[in-house]
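Chemist: Next come a sequence and a model predicted from it.
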Amino acid sequence: MAPTLAGAAAAEAPLSYAAVGATKAADLLYYPPKGFHPMERRARLGSGTARFETASAKLMAWGVQRGSGITVGDITLPAPTETDYAGLVYDQAGVPVAPREATPEQAYGSDGTPLVSPGTTAVLTVRALGVPVKAPVRVVYVVDEPGRLGFAYGTLPGHPESGEELFLVEHLADDSVWIVIRAFSRPSTWFYALGLPVLRLFQARATKKYLRSLMPAMGA
């Protein structure tokens, strides 16, 4: 097994797969990256703007993972680089007055935990048969559109799987609110490949917990 990365080591490590962003594709189930197993599940969370705002706010505070019994630790924000440039800020007369921030100010949850943002790394700890298993991930993109809010993370070396997973809350035209989980994955090493049926079983159980994590009954 590959050593599990954390902190600065995880922040600097490359992702363990090549098809970064492939979970954006609505037809992922039909055209997954070669060699990967695709998955998509969804569940209704209720209806109305308030339901959407509550569920999506919890989602962006790692609420799906925490609500599923996963520990989210070693959260590391991406370091700014000298090449970051987002243009200039202009006054009402069109005169440039200052550089525009390359990235928006980092937001934090009520407990001080950084909210999900692109480039953030974290180590998820899952208990399998009573044994803690660490799974380092990096947020590869955030969805922030009218009626759609969520994020996807990709796996880093040391994760039992290789691939990407999207967590999305949608507010549809009929006023219904849904959670959508979309992913593609495969075992990260020969060791985990030997236990593929067990790995798929744990993945299916985890997905069921994800879908329930933002339900009103869970306090979301």
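Modeler: All right, it came through fine. Numbers count the residues shown, from 1 in each chain.

Chemist: When you work out contacts or count neighbours from here on, use the C-alpha atoms and nothing else.
Modeler: OK.

Chemist: and Glu53, which of the three is it?
Modeler: For Glu53, the assignment made with DSSP: H, G, I helix; E, B strand; the rest coil gives helix.

Chemist: For Ala61, see how far away it is.
Modeler: Spatial separation of Glu53 from Ala61 under the definition C-alpha to C-alpha, to the nearest Å is 13 Å.

Chemist: Remind me which helix or strand Arg66 belongs to.
Modeler: Here Arg66 sits within helix 63-67, counting by DSSP states H and E.

Chemist: Now do the helix or strand following that helix: distance to the chain's middle.
Modeler: Stepping forward along the backbone from helix 63-67, the first helix or strand reached (DSSP H and E) is strand 71-76. Its chain's average C-alpha position is 13 Å from that of strand 71-76, according to C-alpha atoms, centre = their mean, to the nearest Å.

Chemist: Next, the buried residues of the helix holding Arg66.
Modeler: Buried residues in helix 63-67, defined by neighbour count with 16 or more other C-alpha atoms under 10 Å: 63-67.

Chemist: Show residues contacting it.
Modeler: Applying C-alpha atoms under 8 Å, 6 or more residues apart in numbering, the external contacts of helix 63-67 come out as 58, 71-72, 209-211, 213-214, 218.

Chemist: I'd like the next helix or strand past the helix or strand in which Leu149 is found.
Modeler: Assigned by DSSP H and E, Leu149 belongs to strand 148-155. Where DSSP H and E defines the elements, the next helix or strand beyond strand 148-155 is strand 161-171.

Chemist: what packs against that next one?
Modeler: Helices and strands touching strand 161-171, as assessed by 3 or more C-alpha pairs under 8 Å, 6 or more residues apart in numbering; DSSP states H and E, comprise helix 49-59, strand 148-155, strand 176-187.

Chemist: Out of the ones you listed, which one sits most buried?
Modeler: Comparing the helices and strands packed on strand 161-171 on average neighbours per residue, with mean count of other C-alpha atoms under 10 Å, the densest one is strand 148-155 at a mean of 24.

Chemist: Just the residues contacting that strand, thanks.
Modeler: 15-17, 20-21, 23, 56, 59-60, 116, 135-144, 161-171.

Chemist: cutoff 6 Å now
Modeler: For strand 148-155, the external contacting residues (C-alpha atoms under 6 Å, 6 or more residues apart in numbering) are 15-16, 137-143, 162-170.

Chemist: Restrict these to the buried ones and give me that as a PyMOL selection.
Modeler: The following PyMOL command selects only the buried members of the contacts of strand 148-155, with burial defined by 16+ other C-alpha under 10 Å:
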select buried, resi 15+16+137+138+139+140+141+142+143+162+163+164+165+166+167+168+169+170
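
Chemist: Redo the helices and strands packed on strand 161-171 as CSV? Include distance to Tyr31 and mean pLDDT.
Modeler: As requested, those are arranged in CSV below (distance: least, C-alpha to C-alpha, whole Å; pLDDT from 0 to 100):
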stretch, distance to Tyr31, mean pLDDT
helix 49-59, 27, 95
strand 148-155, 18, 96
strand 176-187, 10, 95
